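Chemist: pasting the structure only:
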């Protein structure tokens, strides 16, 4: 590609559900942007496209270096996020107007499936309007369901968090004498089982009887009888049974098992979250004398920076850096993807993939990694996942608790009339 | 007290619910016991008095030093625990028989209210039978409800774990744009609100609008209208509302709000655990347009060694050491208690308290530390709790996950005929 120097400002924003490392990608963008003379101002858009439409921009270059460094271990979405879907024609027109008004020539959007779709549309819209702006998507999702990338920043950390908790739960349950206890851990993952599957590596090496003993994926239709049979087998063998269940498991008709009341959220998704209670109840009514317990880490699982993966955090940072390098070198309409080296020793580089091929595609957990009984994970998967949880992010503690960064949020002067969403 | 040298063996056991630091107390006993010539063998009883009655003893002196050191950061109950209540006369006779058979002269029991009651009875029973055995209780409970001690080993760590998660949840929720979200965190604490109250210090210094915004204690009768009012006030002010609710909150008639189905566990306790779901539902049906979420860390909160308090861990270890020193110096029928120094800089020593005064007494959360609206905690409490969560236990990670110790469990030869419980 021909390199053409394009001088102007950066706009970076975050979208979708936060993760433990989404801010590491933001830090990567800011840190790298400072290296390039063609980049003048570095702005952050508050609350994704929603805030950009309202011209709510902050000056990231005014943030202290301490703050930018602190983003590398701060969970949540430091710029704020949104789930606003860009659909209306006038939204696109306005968005480009905002970018023009602030001479935005580099646009970085950190997010998952929906956000990459937005990035793709913004890129095309700028082109249609003959406004030269390079648009790059930066992958982020705990769900690990983006296509065209080996894995997604955010995934390794949620797996490390959950596996740590499961190891500790195992120590607790084993100490309790293991008397016919069924312990259910409900985990996130609405449509893809990557998170639930990832917990398979909580088992110690060569200790196949370690928990989790049963893993329920949304990719497999839930069969109550088969499940209860498997629980019974496990109790006979191990005296306790730890079950990991994805919040999104469905029955053979494709209905969520725990959304029987049919609640629907603002985005048309069935409201989930009761799988643990459902399974706890199923076990207690099916097996007399068996005690069942459940826990649900909720949003804490995707915000667990105190227990996040250094590999994941570093790769998230790298994605931010590489996005800037790509844009400066002339790329647009692409997402940064992670490419795993093909040697035994894990290595990871980035590549660029066409946003058209990413937008709105969901990568399911591969069938050939699902165990024979449909409630376990094959050993091959371990080789995939284990490198992604290596290393520990050192979060600074102050007065006994982790110290996280809040940005100063110096607002950029608004130049346009207000806009109604 | 006159020092009389009593030569013989140690028996140490654990009882009740595990904690993140119960094994640190065990390590303290073993480490200190090695310092005294009058102590010959160091045995562990498996599964508390239940295993001791069955003569299931292990030789702790045969464990590697690595293992004993590793206990200082290993959650769960390494010796196993039980909830067996010593009531039958024949159980006491048998227990003393087992001790006599193995020349146990030093008996250490690590546990909470019920366990200290057991220790008390064992102590008196030995005396009645003219068997010289020194019995010392070592405090342990996340509930912090033992009397006669400033605080209990296990408490600081559960508070540190929960406050860490709440800080991270706050970062997540704030990043989400704070759109009328009510987030409920259900925490342990059946009858005493110490754990729920402890989460008050998740607030950053002088940031009174930080979460948790509402704290519901079992000591305060739950009033749905007052709660919903408080939620509305909070939403108006902060756009989101994080609620911490003890699993044991009760209505004005003293009934658990979330045990409406009346399930009772094997020990006669009403089965809890649904408070989060109950409140989530209450909010969603009372306030239209408000989204509610809940999470429940379950047993993971008491097993969170990866996020435990160094102060707590060190004090737990010290309690084990001091128990041995006390016994060697001739004490019996006492529990080790923690005594806070009265200077501004936190310090903590131990004393010995009569088991008669400890057994079966529950220390409630003090009324004068409950805030005016009955749903918050007064600032005075901060001075009490903050020192207890200071410092971080460094857990070794192997291959990306915390590495915890499992004892080798070298069984001691059985000398008595089997015993039916």
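Modeler: Perfect, thanks for sending it. The structure presented is a predicted model; accordingly, all values stated were derived computationally and were not measured. Residues are numbered from 1 along each chain as shown, chains lettered A, B, ... in the order given.

Chemist: ok, and does the host helix or strand of residue A:242 reach over to chain B?
Modeler: Assessed by DSSP states H and E, residue A:242 sits inside strand A:240-246. No: against chain B, strand A:240-246 shows no contacts by C-beta under 8 Å from any C-beta of the partner chain, the least distance being 10.6 Å. Quick note: C-beta positions are derived from backbone N, CA and C, even for glycine.

Chemist: could you identify the helix or strand that succeeds that strand?
Modeler: Note on strand A:240-246: by DSSP H and E, the next helix or strand toward the C-terminus is helix A:275-286.

Chemist: next, the buried residues of that next one.
Modeler: A:275-280, A:282-284, A:286 (16 or more other C-beta atoms under 10 Å in any protein chain shown).

Chemist: for it, which outside residues touch it?
Modeler: Here helix A:275-286 makes contact (C-beta atoms under 8 Å, 6 or more residues apart in numbering or on different chains) with A:182, A:184-186, A:224, A:227-228, A:231, A:243, A:245-247, A:249, A:257-258, A:290-296, B:274, B:277.

Chemist: if we can go back for a sec, by contact count, what packs against the strand holding residue A:242?
Modeler: helix A:155-175, strand A:181-187, helix A:194-198, strand A:214-216, helix A:224-238, helix A:275-286 (3 or more C-beta pairs under 8 Å, 6 or more residues apart in numbering or on different chains; DSSP states H and E).

Chemist: quick one on the thing from earlier: if any of the contacts of helix A:275-286 are buried, give me the ChimeraX selection for them.
Modeler: Buried residues among these (16+ other C-beta under 10 Å), as a ChimeraX selection:
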select /A:182,184,185,186,227,228,231,243,245,246,247,249,257,258,290,291,292,293,294,295,296 /B:274,277
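
Chemist: sorry, back to before: got the helices and strands packed on strand A:240-246 as a markdown table, with mean pLDDT columns?
Modeler: Formatted as a markdown table, the helices and strands packed on strand A:240-246 follow (pLDDT from 0 to 100):
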| stretch | mean pLDDT |
| --- | --- |
| helix A:155-175 | 96 |
| strand A:181-187 | 96 |
| helix A:194-198 | 98 |
| strand A:214-216 | 98 |
| helix A:224-238 | 96 |
| helix A:275-286 | 91 |
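
Chemist: looking at those, which is closest to residue B:20?
Modeler: Evaluated over these, closeness to residue B:20 peaks at helix A:155-175, with 8.1 Å, by C-beta to C-beta.

Chemist: so where's the stretch 301-421 of chain A shaky on pLDDT?
Modeler: Under the criterion pLDDT under 70, no range of the stretch 301-421 of chain A is flagged.

Chemist: what about the strands in chain A?
Modeler: Listed in chain order, the strands found in chain A under DSSP state E are A:8-14, A:39-45, A:57-59, A:104-111, A:134-139, A:181-187, A:214-216, A:240-246, A:291-296, A:334-340, A:348-354, A:397-398, A:401-402.

Chemist: flag every residue of the stretch 251-400 of chain A that's near chain B.
Modeler: A:265-266, A:273-274, A:277, A:291, A:293-300, A:302-307, A:309, A:386, A:389-392, A:397, A:399-400.

Chemist: now do the strand holding residue A:242 against helix A:224-238, angle only.
Modeler: Angle between the axes of strand A:240-246 and helix A:224-238 is 140 degrees (criterion: axes from the mean of the first three to the mean of the last three C-alpha atoms, to 10 degrees).

Chemist: direction included, what does strand A:240-246 pair against?
Modeler: strand A:181-187 (parallel), strand A:214-216 (parallel) (DSSP bridges).

Chemist: return the residues in contact with residue A:222.
Modeler: Contacts for residue A:222 (C-beta under 8 Å, 6+ apart) come out as A:216, A:249-252, A:257.

Chemist: pick the one among those residues closest to residue A:143.
Modeler: Closest to residue A:143, out of all of the contacts of residue A:222 and judged by C-beta to C-beta, is residue A:249, at 14.8 Å.

Chemist: and the gap between that closest one and chain B?
Modeler: 18 Å (C-beta to the nearest C-beta, to the nearest Å).

Chemist: over to residue A:350?
Modeler: For residue A:350, the distance to chain B - C-beta to the nearest C-beta - is 22 Å.

Chemist: repeat for residue A:5
Modeler: For residue A:5 relative to chain B (C-beta to the nearest C-beta), the value is 35 Å.

Chemist: for that residue, which non-adjacent residue is closest in space?
Modeler: residue A:38 (5.3 Å; C-beta to C-beta, 6 or more residues apart in numbering or on different chains).

Chemist: and for that neighbour, the neighbour number?
Modeler: 14 (other C-beta atoms under 10 Å in any protein chain shown).

Chemist: got the residues of the stretch 1-150 of chain A near chain B?
Modeler: A:14, A:17-18, A:47, A:50, A:74-82.

Chemist: of those, grab the buried ones for ChimeraX.
Modeler: Here is the ChimeraX command that selects the buried residues among these (16+ other C-beta under 10 Å):
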select /A:14,17,18,47,50,74,75,76,77,78,79,80,81,82
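
Chemist: among the residues of the stretch 1-150 of chain A next to chain B, which ones are in helices?
Modeler: Among the residues of the stretch 1-150 of chain A next to chain B, DSSP state H puts residue A:50 in helices.

Chemist: TSV please, covering the residues of the stretch 1-150 of chain A next to chain B and showing pLDDT.
Modeler: As requested, those are arranged in TSV below (pLDDT from 0 to 100):
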residue	pLDDT
A:14	97
A:17	93
A:18	95
A:47	95
A:50	95
A:74	98
A:75	97
A:76	96
A:77	97
A:78	97
A:79	97
A:80	96
A:81	93
A:82	89
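
Chemist: for residue B:4, see how far away residue A:80 is.
Modeler: 70 Å (C-beta to C-beta, to the nearest Å).

Chemist: what remains of the residues of the stretch 251-400 of chain A next to chain B if I keep only buried residues?
Modeler: In those, burial by neighbour count holds for A:273-274, A:277, A:291, A:293-300, A:302-307, A:309, A:386, A:389-392, A:397, A:400, counting by 16+ other C-beta under 10 Å.

Chemist: quick revisit: closest to residue A:371 out of the buried residues of helix A:275-286?
Modeler: residue A:279 (18.7 Å).

Chemist: can you tell me how far that closest one sits from residue B:298?
Modeler: 13 Å.

Chemist: among the helices and strands packed on strand A:240-246, which is nearest residue B:338?
Modeler: Among the helices and strands packed on strand A:240-246, helix A:155-175 comes nearest to residue B:338, with 22.9 Å by C-beta to C-beta.
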